[in-house]
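> Predicted coordinates and the sequence they were generated for:
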Amino acid sequence: MAAREGGRLRDLKAFYKAPAAASSDPLDIDGNAFNSEAYLQKLYRQHDLNALMKKEDELAEKIRSLDTEMQSLVYDNYNKFIKATDTIRNMKTQVDKMEEGMQRLTDNMTSIDELSGQIDTALAPKRQEIFSLSLHHALLKRMMHLFDLPKKLRLCMEKKSYEQAVEYYTRANSVLKQYSHVGAFKAIQDECRDIINQLRDQLTRELDSKSLNQRDTLTHFDLLRRLSESPGQMFERLLNRPQQQWATDREAQAAQYGREGQGPEGLERFTEYGTTTVLKNLTDWAQSYLEQIVGKVATGDDGQPRPKPEQEEALRLIYGKVDALVQEYIEAVAARIALCAPETTVKVSHVVAALEGLLAGLAPLCKLLPRLQTTAIDACNKTMRQQARLSLERFQGWFSGHLATLHQTLRAQLKPAGLADTCQRLTSAVMEEIRAMLTQLQTATKASFARNNSFFDQEFPGRVVRTGVVQALLSYLNDFFTNLASDDARSDGPDEPLPPAPLFLLVISRLCFDLARKYVRQIVESGASMFPVSSSFRRGKKERDLVAASEKAELTDIDMLVVNEHTKNQRETGEEVLGKFVNVQGRAIAQFLRDSLLGTDWVSKSEVHDVMPYMKEVLQRIMAAEAIVSQVYDDGDQAVDPRRRQAHASQILTANLMTNIQKIFAEKIYIFGAVGFNRPAIMLGIVKIIAKSYSEIVRYTTLSKHGLQQIELNANCLNKFFARYVIDERSENMVSALMTQVISSAVQRCLDPVQLDKQFIEEVCRRAVPP
């Protein structure tokens, strides 16, 4: 029984083409190698009786299910077989009928073909006549239109329907040319030609008029072109239209905002009007001309435009006109910026904003004509080069004016006070002005026209600003101060004959000292950090800012050479200015001393009891000069030995002529030598001038015994007073030598040389010389 069931299963699988099981397990009930005895033995071993009975029920249920399915499949297959048999029987019956129908259809088609041939043969002559008549009818209709054409053209002229008139004429013109040998058509052609000539003249007149708007201008141009007007002449007339509008816009711009003295607002409005009106109108007509006149330009296989000859000519004329007008406008903007040169309220940032506006207005035109971008950038570069030079000139004007005002103030100041604050304010004002100038110039490096611009990567920060502004500024300051130190200097210009005031010279010397001490380096560092020179031509704003931040405290070898050179120049010039101050102060006191000495009768001089009153005035003037100097300079780094000063003040000078001459030559005293930037050195310079002048005056004065004694007492008082300016052995020997020279000269000029008692001299000097 099991073998029979297995065979049925195999037959069913084979009938339905089910894939055969590939298992070779004898215990697989669905496998080909199934062994029922082995399968039962396995069940007996693994299951108890109840489990075996359940397994039997399951197998029985599956067998019944398979039998049911097999019966259904057999029934279905039997029905399909019956239906297939019926269908084959019906098809055989219908095929016989179709053969009969096809034969009848073939006979009918043959008959129809014979009849069609007969009809075609019979109607061929008439069909040819009908076709010919149809052609003649169409031609007559066209001819009837030609006869009405002059009337239609005149009507269109009256109604100013120029487009309709051109449409009528262009459609009929070929026919008129074809039949122009016929008299009637020749007359129509001549009449239409006269009307079209009138139309051309009318379109040309309106095209030349100023009242025609841009849309009608392009329409008239297109109509004239369709009427075969010369393209060259039409373009000339057409391009005159934007030229007229351009001239009107430019006149309005110049009349409203092109005048000098309007300040930054005037420059801003000038640029704004140019962007929103002048350049916008130019851009509108250029785009409309390119779209409606030139049209779409084909491109080649390489992607490059390939315009037709007439398109190429139109592009050349349009681009040429745009280029010329833009060049004119750029020059106008540069001229308007140049008008702002005398106006101190117009800063570099305002000029940069104006150039930004120029580029913004030109942006649409630069898309049409890319070479305009280069032209505009070159104009911006040139303008910023001029602005850098103008910034330096403005600083020079401010500086000279500021110092002129300061000089007048100090000249009118009777009681000098607050000179330290004056020096500090002057230095701060100069540095703030320099920083403001560099900050204004720096705005150009952050503008849009500075991006990807090699000029702003190298030439502008290097040659234009750091060399042309920073170094030139330092050279200007040095030249200005050197001029003040010269003998023919005039501080307030050609109308002011007075030389620089002493207080002014002192303040300027302090400015030179401060510049040399630290501010020259600060100025060069500011230029280097704010205007770094880039080695790359393709650097954006962020990259430039990073470079500026990284190079802020770094100076190149060349920068250090500049710092050292200008520091040295400022120090030397400051010493010259300070030397002139010492010379002026010393000469003034020496002149007073000279006048006092020459006004005294030294031959008939009475007995000496005290120093002369004018000597006390000399001491007061020296102390006044010292008070002035002390406001500006301190003792510096001079190491002063109080005991040396005390020893010098206690010595009494004698007329040991030979010894003191040797000292003078040994010390090589330079009366008008360089002066250091400290109070003792400055006062020592004044003292040398006074002492030397005193000696020279005494040398040419005849003295009696009492006159010699008076000079001796005066000289010792001065020597004791000058002890406060002794800072070292050299200065001590210098003062002693000069004052001893005064006494020696007096002894030589005395008729009866008898010197005073040292104790008397010491007592008088103690009373006369202030502590």
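That came through fine.
> count of neighbours near Leu359?
For Leu359, the count of nearby residues is 18 (other C-beta atoms under 10 Å). Backbone N, C-alpha and C define where each C-beta goes, glycine included.
> Give me the buried positions along the host helix or strand of it.
Assigning secondary structure by DSSP states H and E places Leu359 in helix 348-368. Buried residues in helix 348-368, counting neighbours by 16 or more other C-beta atoms under 10 Å, are found at 348-359, 361-363, 365-366.
> and if you look at stretch 461-473?
Buried residues in stretch 461-473 (16+ other C-beta under 10 Å): Pro461, Gly462, Val464, Val465, Arg466, Gly468, Val469, Val470, Gln471, Ala472, Leu473.
> Over to stretch 596-612?
Neighbour counts over stretch 596-612 (16+ other C-beta under 10 Å) mark Ser596, Leu597, Trp602, Lys605, Val608, Val611, Met612 as buried.
> What of stretch 78-96?
Residues of stretch 78-96 classed as buried by neighbour count (16+ other C-beta under 10 Å): none.
> Past the host helix or strand of Leu511, which element shows up next along the chain?
Taking DSSP H and E as the criterion, Leu511 maps to helix 502-514. Going down the chain from helix 502-514, the next helix or strand is helix 520-530, by DSSP H and E.
> That next one versus helix 502-514: what angle between them?
Inter-element angle recorded for helix 520-530 and helix 502-514: 50 degrees (by axes from the mean of the first three to the mean of the last three C-alpha atoms, to 10 degrees).
> now for helix 520-530, which elements pack on it?
In terms of contacts (3 or more C-beta pairs under 8 Å, 6 or more residues apart in numbering; DSSP states H and E), helix 520-530 is packed against helix 419-445, helix 472-485, helix 557-598.
> Can you give the contact residues for the second one?
Helix 472-485 is contacted by residues 392, 395-396, 399-400, 403, 434, 489, 491, 500, 505, 508, 511-512, 515, 520, 523-524, 562, 566, 569-570, 573-574, 576-577, 579-580 when judged by C-beta atoms under 8 Å, 6 or more residues apart in numbering.
> One more pass at 7 Å, please.
The contact list for helix 472-485 (C-beta atoms under 7 Å, 6 or more residues apart in numbering) reads 392, 395-396, 434, 489, 491, 500, 505, 508, 512, 515, 520, 523, 566, 569-570, 573, 576-577, 580.
> hmm, back to that, with distance to Leu756 and mean pLDDT added, can I get the helices and strands packed on helix 520-530 in a markdown table?
Below are the helices and strands packed on helix 520-530 laid out as a markdown table (distance: least, C-beta to C-beta, whole Å; pLDDT from 0 to 100):
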| stretch | distance to Leu756 | mean pLDDT |
| --- | --- | --- |
| helix 419-445 | 40 | 91 |
| helix 472-485 | 42 | 90 |
| helix 557-598 | 18 | 88 |
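> Pick out the most distant pair among the buried residues of stretch 596-612.
Greatest spatial distance in the buried residues of stretch 596-612: Ser596 and Val608, 16.0 Å, computed using C-beta to C-beta.
> what's the neighbour count on the nearest residue to Pro416 once chain neighbours are set aside?
Distances taken as C-beta to C-beta, 6 or more residues apart in numbering place Ile628 nearest to Pro416, at 5.2 Å, with adjacent residues excluded. For Ile628, the neighbour count with other C-beta under 10 Å is 19.
> need the helices and strands packed on helix 520-530 in JSON lines with distance to Gln189, can you?
Listed next are the helices and strands packed on helix 520-530 as JSON lines, based on distance: least, C-beta to C-beta, whole Å:
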{"stretch": "helix 419-445", "distance to Gln189": "69"}
{"stretch": "helix 472-485", "distance to Gln189": "80"}
{"stretch": "helix 557-598", "distance to Gln189": "85"}
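> Go through these and name the closest to Phe34.
Taking C-beta to C-beta, helix 419-445 is the member of the helices and strands packed on helix 520-530 nearest to Phe34, at 95.1 Å.
> what's downstream of the closest one, the next helix or strand?
helix 454.
> Check the offset of that next one from the chain's centre.
Relative to its parent chain, helix 454 has a centroid offset of 11 Å by C-alpha atoms, centre = their mean, to the nearest Å.
> Check stretch 699-719 too.
Centre-to-centre, stretch 699-719 and its host chain are 74 Å apart (C-alpha atoms, centre = their mean).
> Leu619 - nearest residue in space that isn't next to it in sequence?
Phe721 (5.7 Å).
> between the helix or strand containing that neighbour and helix 557-598, how big is the angle?
Assigned by DSSP H and E, Phe721 belongs to helix 705-721. Orientation note: helix 705-721 sits at an angle of 150 degrees relative to helix 557-598 (the same axes, to 10 degrees).
> so what does helix 705-721 touch, helix or strand wise?
With contacts taken as 3 or more C-beta pairs under 7 Å, 6 or more residues apart in numbering; DSSP states H and E, helix 705-721 sits against helix 613-632, helix 729-749, helix 758-768.
> for those, which one sits closest to Leu438?
Among these, the nearest to Leu438 by C-beta to C-beta is helix 613-632 (28.1 Å).
> Tell me the buried residues in the closest one?
The neighbour-count check on helix 613-632 (16+ other C-beta under 10 Å) flags Tyr614, Met615, Val618, Leu619, Arg621, Ile622, Ala625, Glu626, Ile628, Val629, Gln631, Val632 as buried.
> which residues are contacting that helix?
416, 419-420, 423, 503, 506-507, 510, 585, 589, 592-593, 596, 679, 682-683, 686, 714, 717, 721, 768, 770.
> One more: stretch 501-520?
Contacts with stretch 501-520, where a contact means C-beta under 7 Å, 6+ apart, come from 406-407, 410-411, 413, 416, 419, 422-423, 426-427, 431, 474, 477, 481, 484, 491, 563, 566-567, 570-571, 573-574, 577-578, 580-581, 584-585, 628-629, 632, 677.
> please redo it, this time with the cut-off set to 6 Å
Contact with stretch 501-520 is made by 407, 410-411, 416, 422-423, 426-427, 481, 484, 563, 566-567, 570-571, 573-574, 577-578, 580-581, 584-585, 632, 677, as judged by C-beta atoms under 6 Å, 6 or more residues apart in numbering.
> Skipping adjacent residues, who's closest to Ala38 in space?
Distance criterion C-beta to C-beta, 6+ apart; nearest residue to Ala38, sequence neighbours excluded, is Pro26 at 5.1 Å.
> tell me the secondary structure for the one you found?
Classification of Pro26 using DSSP: H, G, I helix; E, B strand; the rest coil returns coil.
> Pretty sure it sits against Glu37.
No: using C-beta atoms under 6 Å, Pro26 makes no contact with Glu37, being 9.2 Å away.
> out of these two, which sits in the busier spot?
Between Pro26 and Glu37, Pro26 has the larger neighbour count (other C-beta under 10 Å), namely 15 against 9.
> re the thing from before, out of the contacts of helix 613-632, which end up buried?
Among these, the ones that count as buried by 16+ other C-beta under 10 Å are 416, 419, 423, 503, 506-507, 510, 585, 589, 593, 596, 679, 682-683, 686, 714, 717, 721, 768.
> returning to what we had before: ok, of the contacts of stretch 501-520, which come out buried?
By 16+ other C-beta under 10 Å, those give 407, 410-411, 416, 422-423, 426-427, 481, 484, 563, 566-567, 570-571, 573-574, 577-578, 580-581, 584-585, 632, 677 as buried.
> Wasn't Gln755 part of a strand?
No: per three-state DSSP, Gln755 lies outside any strand segment and is coil.
> residue contacts, it?
Glu712.
> do the same with Gly707
Contacts of Gly707 by C-beta under 6 Å, 6+ apart are Trp602, Lys605.
> so how far is Leu59 from it?
To Leu59, Gly707 is 166 Å away according to C-beta to C-beta, to the nearest Å.
> again with Lys92
Lys92 is 50 Å from Leu59, where distance means C-beta to C-beta.
> before we move on, what about Leu135?
97 Å.
> What of Leu115?
83 Å.
> Which SSE is immediately downstream of the helix holding Leu359?
Following helix 348-368 in sequence order, the next helix or strand is helix 371-412 (DSSP H and E).
> helices or strands up against that next one?
Packing partners of helix 371-412 (3 or more C-beta pairs under 6 Å, 6 or more residues apart in numbering; DSSP states H and E): helix 309-339, helix 348-368, helix 419-445, helix 502-514.
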